[in-house]
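Visitor: Sequence and predicted structure below; questions after.
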Amino acid sequence: MKIWKKYSQYLLSGEWHIHTSYTDGESSVDDYCKRAVELGIPLIVFTEHVRHNLSYDFNAYMDDIDNAREKYDLIILSGCEAKVLPDGTLDVDDDILKQVDYPIFAFHSFPRDIDIYLDALYDVLRNPYVNTWAHPGVFLKRSGLYLSEKRLYNLFKNLNDNDTLIEQNMKYNAPPEAWLNITRRCRVNYVRGSDCHRVGDLKLVS
């Protein structure tokens, strides 16, 4: 069972997308946890950037999360954000996907070809470890690419079939507004992800 199902009551009240000073964030694991408790946020998830060749000590990152779990009265999950590669794999080693609670995926640099994009996306959705599609549609918009309504229906059906969430990303205002009616009709499950890079990005949703 994917971890989000265990905490499904917090999908829109928790914060499910956080980066720390281990990569391009500015705050520590401890900083975020302290602020989440102050704000009354019930759950937070650390989704640090990963690559096959890491530039930081991933074990130290996981140790910080373990220490925070001991210190704070807060649900704290470990996670990672992995980049989709053109061959449909993720730029991360499998042992990290198995180690963290909540792996998510995103398109960053990628060929501007809609068929390569969709083939890679469907391959990633078959990966049993991925929980969420992060900032969905942002790469398409920036690249001037388009998904037809028929393709969106098929895509969202596949998301549901694979118990994969779609992120409501506050930073990038994603997914695109044109997708919203279709996601509702397809009953796609949303998760809140603010893509926090500093403790000031944490907000309580009432």
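Guide: Okay, I see it.
Visitor: and the helix or strand of the chain with the lowest mean pLDDT, what other elements does it pack with?
Guide: For the chain, the helix or strand with the lowest mean confidence is helix 177-185, at a mean of 92 (criterion: mean pLDDT, DSSP states H and E). With contacts defined as 3 or more CB pairs under 8 Å, 6 or more residues apart in numbering; DSSP states H and E, helix 177-185 has these neighbours: helix 149-161. Backbone N, C-alpha and C define where each C-beta goes, glycine included.
Visitor: what angle do the helix it packs on and helix 177-185 make?
Guide: Angle, helix 149-161 to helix 177-185, by axes from the mean of the first three to the mean of the last three CA atoms, to 10 degrees: 50 degrees.
Visitor: what sits against residue 101?
Guide: Taking CB atoms under 8 Å, 6 or more residues apart in numbering, we find residue 101 in contact with 3, 45, 77-79.
Visitor: follow-up on the earlier one: downstream neighbour of the least confident helix or strand of the chain in the secondary structure list?
Guide: strand 190-193 (DSSP states H and E).
Visitor: pLDDT averaged over that next one, what's the number?
Guide: Averaged over strand 190-193, pLDDT sits at 97.
Visitor: roughly how far out does that strand sit from the chain middle?
Guide: Counting by CA atoms, centre = their mean, to the nearest Å, strand 190-193 is centred 8 Å from the centre of its parent chain.
Visitor: Tell me if residue 168 really is in a strand.
Guide: Yes - under DSSP: H, G, I helix; E, B strand; the rest coil, residue 168 falls within a strand.
Visitor: Only whichever of the contacts of residue 101 are buried, select them in ChimeraX.
Guide: In ChimeraX, the members of the contacts of residue 101 classed as buried (16 or more other CB atoms under 10 Å) are selected with the following command:
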select :45,77,78,79
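Visitor: what ranges do the strands span in this structure?
Guide: Taking DSSP state E, the strands of the chain run over residues 15-18, 43-50, 75-83, 102-106, 132-133, 165-169, 190-193.
Visitor: starting at the chain centroid, how far to the fifth one?
Guide: So the one you mean is strand 132-133. 5 Å.
Visitor: can you check stretch 99-108 too?
Guide: Distance, centroid of stretch 99-108 to centroid of chain: 6 Å (CA atoms, centre = their mean).
Visitor: Adding pLDDT, write the contacts of residue 101 out as CSV.
Guide: Output for those, formatted as CSV (pLDDT from 0 to 100):
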residue, pLDDT
3, 97
45, 98
77, 98
78, 98
79, 98
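Visitor: ok, so of the contacts of residue 101, who is nearest residue 185?
Guide: For the contacts of residue 101, the closest approach to residue 185 (CB to CB) belongs to residue 3, at 26.7 Å.
Visitor: Tell me how far that closest one lies from residue 136.
Guide: In this view, residue 3 and residue 136 are 19 Å apart by CB to CB, to the nearest Å.
Visitor: you'd agree residue 122 is up against residue 158?
Guide: Yes - if you go by CB atoms under 8 Å, residue 122 and residue 158 touch, sitting 6.4 Å apart.
Visitor: Leaving out chain neighbours, which residue sits closest to residue 202?
Guide: residue 35 (5.2 Å; CB to CB, 6 or more residues apart in numbering).
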